[in-house]
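# Give the three-dimensional model of this entry:
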Amino acid sequence: MLRLRARPTAIVTRDPRLAWVFLRARALHRRPVVYEVHEIFSTRARENRSLDPGEQQGVADRTRALEAGVFAEVDLLLPLTEACAEILTESYRVPAERIAVVPDATIPPTGPLPPRDPAGREVVYAGQLYPWKGVSTLLAAMAELPEARLTVFGGRGRPADPDLLACQALAEELGVQERVTFAGFVPHAEVRRRIAGAGAAVVPLPDNLMARYFTSPLKLFDYMAAGVPIVATDLPTIREVLADGDTGLLVPPEDPAALAAAIRRLLVNPGLANRLRRTAFEQVRGHTWDGRAARILEALGRLPRG
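Alright, predicted model coming up:
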């Protein structure tokens, strides 16, 4: 049995069902309930592209009601993005004082900006291969970059990973399989070392609700900390971290030609690549796990004591 030396000052969860349970049990625990909002589940954010309920598919009314009730009752909401916070205030009428935006983060770099071979032509992607991550767009872009190679770090770590198999099949269909290496699952602690020195790193998200409003991609912060120049989809969540032409290059979603052109700009222009990656490397120190923890603790400190 877990024995706590002291009663918690707050109850924090990222599951709306657990939040609902703790809200119903307030009389027993007498502690503030905090909900960390990684997505609004009732939107089916990975499949849908519109916030209009009339245009959404596969959404259960009871899920909508559950989330709306949780948003109305919890003491504090911790969304990952400003875009999500805007939905909470505008669509659910949550007062701004009950919201604290706390993005994802990374381990801060400990040394100088890693070296990058100006003649290097390796493009990297690190992360899961779920369809909503947009790897298919990156593979299509590789068909327009015959001078480049792509290394994909990611997957579920098992041979029968259906997403990995689908990506491999698409690479063959596009005729780029000889220039694409699927390195498989890599422990997160090793990602930075494996991608350092690459010509470009890519966040190829499509334009769905998850990417537009809710995601705070770990890979984005890892790329910044590894000192790799970045090409990413131009979406509100990404613009909260990257500025086009300053810390990365932003391209329209689901546009392989635009993605290929931006990658090529980095591969053939080492001056641009070095300027972008240096600025991102410096700014990532504002996106560390310690900093994230401090922001959460500061928000919790504003809660009333029970």
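
# Which pLDDT value belongs to the residue most central in space within the chain?
Central residue of the chain (CA atoms, centre = their mean): Pro217, 1.6 Å from the mean position. Listed pLDDT for Pro217 reads 96.

# what do you get for Arg302?
At Arg302, the pLDDT value in this model is 88.

# Can you tell me how far it is from Val191?
For Arg302, the distance to Val191 (CB to CB, to the nearest Å) stands at 35 Å. For every residue, glycine as well, the C-beta is placed using N, CA and C.

# who has more neighbours, the two?
With other CB atoms under 10 Å as the criterion, Arg302 and Val191 differ in neighbour count, and Val191 comes out ahead with 22 against 12.

# Kindly indicate whether that one is helix, strand or coil.
For Val191, the assignment made with DSSP: H, G, I helix; E, B strand; the rest coil gives helix.

# cool, Val59 as well?
Applying three-state DSSP: Val59 is coil.

# For burial, what's the neighbour tally of it?
15.

# Now do the contacts for the residue nearest to the centre of the chain.
Pro217 sits next to Asp104, Gly127, Val203, Leu205, Thr237, Ile238 when contact means CB atoms under 8 Å, 6 or more residues apart in numbering.

# Including secondary structure, could those residues go into CSV?
Output for the contacts of Pro217, formatted as CSV (three-state DSSP):
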residue, secondary structure
Asp104, coil
Gly127, coil
Val203, strand
Leu205, coil
Thr237, helix
Ile238, helix
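
# Just put those in TSV and tack on distance to Phe221, pLDDT and neighbour count.
Formatted as TSV, the contacts of Pro217 follow (distance: CB to CB, whole Å; pLDDT from 0 to 100; neighbours: other CB atoms under 10 Å):
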residue	distance to Phe221	pLDDT	neighbour count
Asp104	6	97	19
Gly127	12	95	21
Val203	11	98	27
Leu205	15	98	25
Thr237	13	98	25
Ile238	12	98	26
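
# how far away is the residue nearest to the centre of the chain from Arg302?
From Pro217 to Arg302 the distance is 28 Å (CB to CB).

# repeat for Thr13
19 Å.

# And Asp163, by the same measure?
Going from Asp163 to Arg302 by CB to CB gives 41 Å.

# Ala72 should be in a helix, yeah?
Yes. Counting by three-state DSSP, Ala72 is part of a helix.

# So what's the residue count around it?
With other CB under 10 Å as criterion, Ala72 counts 12.

# Please apply the same query to Glu178.
9.

# Doesn't Val152 lie inside a helix?
No. Per three-state DSSP, Val152 lies outside any helix segment and is strand.

# List the contacts of it.
Counting by CB under 8 Å, 6+ apart, Val152 touches Val124, Tyr125, Leu129, Val135, Cys167, Val180, Thr181, Phe182, Ala183.

# Run the chain-centre distance for the host helix or strand of the last one.
So the one you mean is Ala183. According to DSSP states H and E, Ala183 maps onto strand 180-184. Its chain's average C-alpha position is 21 Å from that of strand 180-184, according to CA atoms, centre = their mean, to the nearest Å.

# and the contacts of Val152, which are buried?
Buried subset of those (neighbour count, 16 or more other CB atoms under 10 Å): Val124, Tyr125, Leu129, Val135, Cys167, Val180, Phe182.

# now the residues you listed as TSV including distance to Thr43 and pLDDT?
Shown next, in TSV, are these (distance: CB to CB, whole Å; pLDDT from 0 to 100):
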residue	distance to Thr43	pLDDT
Val124	31	98
Tyr125	26	98
Leu129	23	96
Val135	22	98
Cys167	26	96
Val180	33	98
Phe182	31	96
